[in-house]
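> Here is a sequence together with a model predicted from it:
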Amino acid sequence: MTEAQLKPVLHHFPSLPKTEGLAGMYAGVSKGILFCMGGANFTDKKPWEGGKKKWYDEIYMLAEGKEWIKLEQKMPAALAYGVSVTYKDQFITIGGNDDQHHTAEVKAYTWNGYSLSIIDYPELPVTLANMAGTVVGNLIILVGGNSTPVSPAMNKCFALDLDNLQGGWFEMDSIPGRERLLPTCASYNHQFYLFSGETVSVNEQNEKKRLILKDAYKMQPKKINGKWIANWETLSPMPRGGSAAGNPLPVLQNGTMVFWGGVDSITALHKDPATHPGISGEMFLYSPIDDTWKFVGVEEKVKARVTLPVVKWNNQWLYISGEIRPAVRTNAIDGINY
């Protein structure tokens with residue numbers, strides 16, 4: 001077992017040319033080339049100063065792992081806060097939102113040597129953003145999120161069989177726990193793992209408050225009599241919650257999952273953005289072999305973040321941009337070996 005398997009070490013990669021960075025981007029790999037696109041930020045004033053969030057349709061390509069190139073080509077629409085996955089030579093963007101609406105659109109991108117070919121995949125059963133998702137075998141599995149900017153969180157689970165696109169998206173058994181926004185997930189050994197997220201609770205005064213979840217589950221998708229079935233199992237609770245952590249979680253060669261970033265219950269208490277401490281740099285490892293958690297230290301050199309894609313590329317898991325404190329993004333790309 002290498003040192004990185006015991007305590008992952010973050011390495012800097014070329015930063016995005018978008019100097020202020022973006023939250024909620026999409027990222028994936030086609031023909032061995034890394035792409036990221038979309039996202040949102042605040043270019044002028046912060047929201048508490050009357051600033052408005054801006055959504056993007058820009059596409060970036062990491063040429064030969066040396067520097068990011070902004071393509072002339074654009075996304076079909078400016079979007080952020082959906083899910084992106086890589087499958088074979090395609091990367092697929094799923095759902096998300098713009099400044100007014102959530103979308104049900106699903107697009108598959110393939111690099112043809114000159115530009116990205118874009119084809120429509122079956123639309124989601126509902127408009128959806130702020131969910132988690134990844135590929136397990138030949139299934140894209142999505143959990144949580146909400147269907148409009150003002151609608152409550154859901155605990156639904158949707159899936160798409162990439163070997164049977166004609167069948168479209170279908171609903172599987174819901175998450176056993178609470179409904180949630182911004183959970184994170186992982187894929188290991190043909191199983192889907194779900195962690196954290198956030199929802200709303202009510203106190204004794206009937207006041208609503210933000211609740212950061214610490215529960216965890218795994219699900220074994222099985223096809224029985226031509227129908228996919230979700231078998232959910234409750235796992236050991238997390239040492240700390242991590243809503244909006246990078247999605248999916250990096251999975252090391254020994255199956256260990258790396259949990260770094262996300263909003264925990266302590267960070268969620270900070271209401272004043274001027275004094276906000278930023279995202280906790282604590283790093284935990286989860287072992288699916290024996291269902292245990294291990295604290296491995298605090299990352300102090302690289303700022304932890306939220307609302308970002310994580311993508312496996314060239315023997316690395318890369319954290320793509322993201323938000324380091326309320327309304328403040330980073331253009332940094334950092335990776336760990338797997």
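Perfect, I can see it now. Residues are numbered from 1 along each chain as shown.
> which strand residues sit across from His102 in the sheet?
Asn97 (DSSP bridges).
> The one 5 residues further on too?
With beta bridges defined as DSSP bridges, Lys107 has these partners: Thr93, Asp120.
> Neighbours of it, how many?
Neighbour count for Lys107, taken as other Cβ atoms under 10 Å: 20. Every C-beta, even on glycine, is put in place using the N, C-alpha and C of the backbone.
> mind checking how far it is from Leu116?
Per Cβ to Cβ, to the nearest Å, Lys107 is found 10 Å from Leu116.
> what about Glu123, how many neighbours?
With other Cβ under 10 Å as criterion, Glu123 counts 15.
> And Ala132, by the same measure?
Neighbours of Ala132 (other Cβ under 10 Å): 28.
> pLDDT wise, what is it at?
Listed pLDDT for Ala132 reads 98.
> What of Ser201?
The per-residue pLDDT reported for Ser201 equals 85.
> For the residue most central in space within the chain, give its distance to Gly241.
Using Cα atoms, centre = their mean, the residue of the chain that lies closest to the mean C-alpha position is Asn247, 2.6 Å off. Between Asn247 and Gly241 the distance is 15 Å, computed by Cβ to Cβ.
> Also Ser196?
Taken as Cβ to Cβ, the span from Ser196 to Gly241 is 5 Å.
> list residues touching both of the two?
Here Ser196 and Gly241 have Ile212, Leu213, Lys214, Gly262 as joint contacts, going by Cβ atoms under 8 Å, 6 or more residues apart in numbering.
> CSV for the residues you listed, including pLDDT, secondary structure and neighbour count?
Converted to CSV, the shared contacts of Ser196 and Gly241 look like this (pLDDT from 0 to 100; DSSP: H, G, I helix; E, B strand; the rest coil; neighbours: other Cβ atoms under 10 Å):
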residue, pLDDT, secondary structure, neighbour count
Ile212, 97, strand, 24
Leu213, 98, coil, 25
Lys214, 97, coil, 16
Gly262, 97, coil, 30
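> where does Glu323 land on pLDDT?
Glu323 is given a pLDDT of 96.
> For it, give me its contacts.
Gly21, Ala23, Ala244, Ile279, Arg305, Val306, Thr307, Leu308, Arg329, Thr330.
> Correct me if wrong: the last one contacts Tyr319.
It refers to Thr330. No - the criterion here is Cβ atoms under 8 Å, and Thr330 misses it with Tyr319 at 9.5 Å.
> More neighbours: which of the two?
Using other Cβ under 10 Å, the more surrounded residue of Thr330 and Tyr319 is Tyr319, with 27 against 24.
> Could you give the average pLDDT over the strand or helix carrying the more buried one?
Per DSSP states H and E, Tyr319 falls inside strand 316-320. Taken as a whole, strand 316-320 carries a mean pLDDT of 97.
> Could you do stretch 24-31 as well?
Computed over stretch 24-31, the average pLDDT equals 97.
> Name the residues that touch that stretch?
By Cβ under 8 Å, 6+ apart, stretch 24-31 touches 34-40, 79-86, 89-93, 96, 109-111, 113, 116, 307-313, 318, 320-322.
> Give me the buried positions along it.
Residues of stretch 24-31 classed as buried: Gly24, Met25, Tyr26, Ala27, Gly28, Val29, Ser30 (neighbour count, 16 or more other Cβ atoms under 10 Å).
> picking that back up, can you put the shared contacts of Ser196 and Gly241 in JSON lines and add distance to Ile69?
Below are the shared contacts of Ser196 and Gly241 laid out as JSON lines (distance: Cβ to Cβ, whole Å):
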{"residue": "Ile212", "distance to Ile69": "38"}
{"residue": "Leu213", "distance to Ile69": "39"}
{"residue": "Lys214", "distance to Ile69": "41"}
{"residue": "Gly262", "distance to Ile69": "30"}
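> where are the low-confidence patches of the stretch 101-250 of the chain?
Counting by pLDDT under 70, not a single residue of the stretch 101-250 of the chain qualifies.
> sorry, back to before: so for Thr330 and Tyr319, which residues contact both of them?
Shared contacts of Thr330 and Tyr319, defined by Cβ under 8 Å, 6+ apart, are found at Arg305.
> if we can go back for a sec, which one's more surrounded, Ser196 and Gly241?
Ser196 (28 against 24).
> surely that one meets Tyr217?
No - using Cβ under 8 Å, Ser196 is not in contact with Tyr217; the gap is 10.6 Å.
> Mind checking what secondary structure the closest residue to Lys222 other than its chain neighbours has?
The shortest distance from Lys222 to any non-neighbouring residue, by Cβ to Cβ, 6 or more residues apart in numbering, is to Ile229 (5.1 Å). Here Ile229 is recorded as strand under DSSP: H, G, I helix; E, B strand; the rest coil.
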